[in-house]
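Colleague: Everything below, folded, please.
(one chain, ligands or ions: 2)
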Amino acid sequence: MLICSNTMFEYAKQVMNLGNTLFELLSEALGLDPSYLTDIDCNQGQILLCHYFPPCPQPELAIGTSRHSDSTFMTILLQDEIGGLQILHEDRWVDVTPTPGAFIVNIGDLLQMISNDAFISVEHRVVVKNIAPRVSIACFFSSHFHPASTRMYGPIKELLSDDNPPLYRETLVRDYVKHYNSIGLDAKNAMSDFRL
Ligand SMILES: O=C(O)CCC(=O)C(=O)O
Ligand SMILES: [Fe+2]
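Modeller: Ligands and ions are numbered 1, 2, ... in the order given. Predicted structure coming up:
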């Protein structure tokens, strides 16, 4: 148990390092200072969620994780070789084929909102398999477990112009996540209720 928890802490640390680098690159991609997204605390919350999907004798009758986009700023996901993750692309479900040693990085809803749709939060789901159990580890970057976080998030002012007006109203992370959780997975997209 202790060995496992040490491994998890080390994993969390390494994924945080990777997340910080990605936030720098994403800031630059938006034309902002490299430290912009970490300066506004997009990395100030890390949740590791380990998923276990048992093999399913009738996969066509079940779903592993229903259709959703993540409520986070960003998610770094590690899936094993069994596969099952799919993303919605042009109204079709596309398999994300496992690549050994590779992470999957999802833009989350909060990053879509603050980037004013420059980045899009991908919808995804997990289908079950009958061959073997599947394990995945999701690392969510979101500060909703920081009850003291009073920062309001809305489209980044530096990105806005007459041609690019704000598409979302400002929100606290915890208010967005509360709304997201209240409507549940497989429902309409929670972001639409924050659109101006
Ligand atoms: O298990 C996976 O591959 C994805 C899980 C997921 O979408 C999530 O935890 O938000
Ligand atoms: Fe997800």
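Colleague: contacts, neighbours, all on C-alpha from now
Modeller: Noted.
Colleague: Which positions in this protein make contact with ligand 1?
Modeller: Applying Cα under 6 Å from any ligand atom, we find that the chain lies next to ligand 1 at 51, 70, 79, 85, 125-126, 136, 138.
Colleague: Grab the two from the residues you listed that are most spread out in space.
Modeller: 70 and 79 (16.0 Å; Cα to Cα).
Colleague: could the residues of the chain next to ligand 1 go into JSON lines alongside pLDDT and neighbour count?
Modeller: Formatted as JSON lines, the residues of the chain next to ligand 1 follow (pLDDT from 0 to 100; neighbours: other Cα atoms under 10 Å):
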{"residue": "51", "pLDDT": "93", "neighbour count": "14"}
{"residue": "70", "pLDDT": "96", "neighbour count": "23"}
{"residue": "79", "pLDDT": "92", "neighbour count": "23"}
{"residue": "85", "pLDDT": "96", "neighbour count": "21"}
{"residue": "125", "pLDDT": "96", "neighbour count": "21"}
{"residue": "126", "pLDDT": "95", "neighbour count": "19"}
{"residue": "136", "pLDDT": "95", "neighbour count": "18"}
{"residue": "138", "pLDDT": "96", "neighbour count": "18"}
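Colleague: Can you list the residue ranges for strands in this structure?
Modeller: Secondary structure of the chain (DSSP state E): strands at 46-53, 65-68, 74-79, 85-89, 92-95, 104-107, 124-126, 134-141, 152-153, 171-172.
Colleague: Quick one: list the elements packing against the third one.
Modeller: Right, the one you point to is strand 74-79. strand 104-107, strand 134-141 (3 or more Cα pairs under 8 Å, 6 or more residues apart in numbering; DSSP states H and E).
Colleague: Can you list the buried residues in the first one?
Modeller: Of the residues in strand 104-107, those scored as buried under the neighbour-count criterion (16 or more other Cα atoms under 10 Å) are 106-107.
Colleague: pLDDT averaged over that strand - what is it?
Modeller: The pLDDT scores in strand 104-107 average 97.
Colleague: Who does that strand pair with, and is each partner parallel or antiparallel?
Modeller: Within its sheet, and counting by DSSP bridges, strand 104-107 is paired with strand 74-79 (antiparallel).
Colleague: wait, isn't residue 43 in contact with residue 20?
Modeller: Yes. At 6.9 Å, residue 43 counts as touching residue 20 under the criterion of Cα atoms under 8 Å.
Colleague: Could you pull out the residues contacting both of those two?
Modeller: Residues touching both residue 43 and residue 20 (Cα atoms under 8 Å, 6 or more residues apart in numbering): none.
Colleague: higher neighbour count, those two?
Modeller: residue 43 (20 against 17; other Cα atoms under 10 Å).
Colleague: list the buried ones in the biggest helix by length in the chain?
Modeller: The single longest helix within the chain, with elements called by DSSP state H, is helix 2-29. Neighbour-count burial for helix 2-29 flags 12, 15-16, 19-20, 22-27 (criterion: 16+ other Cα under 10 Å).
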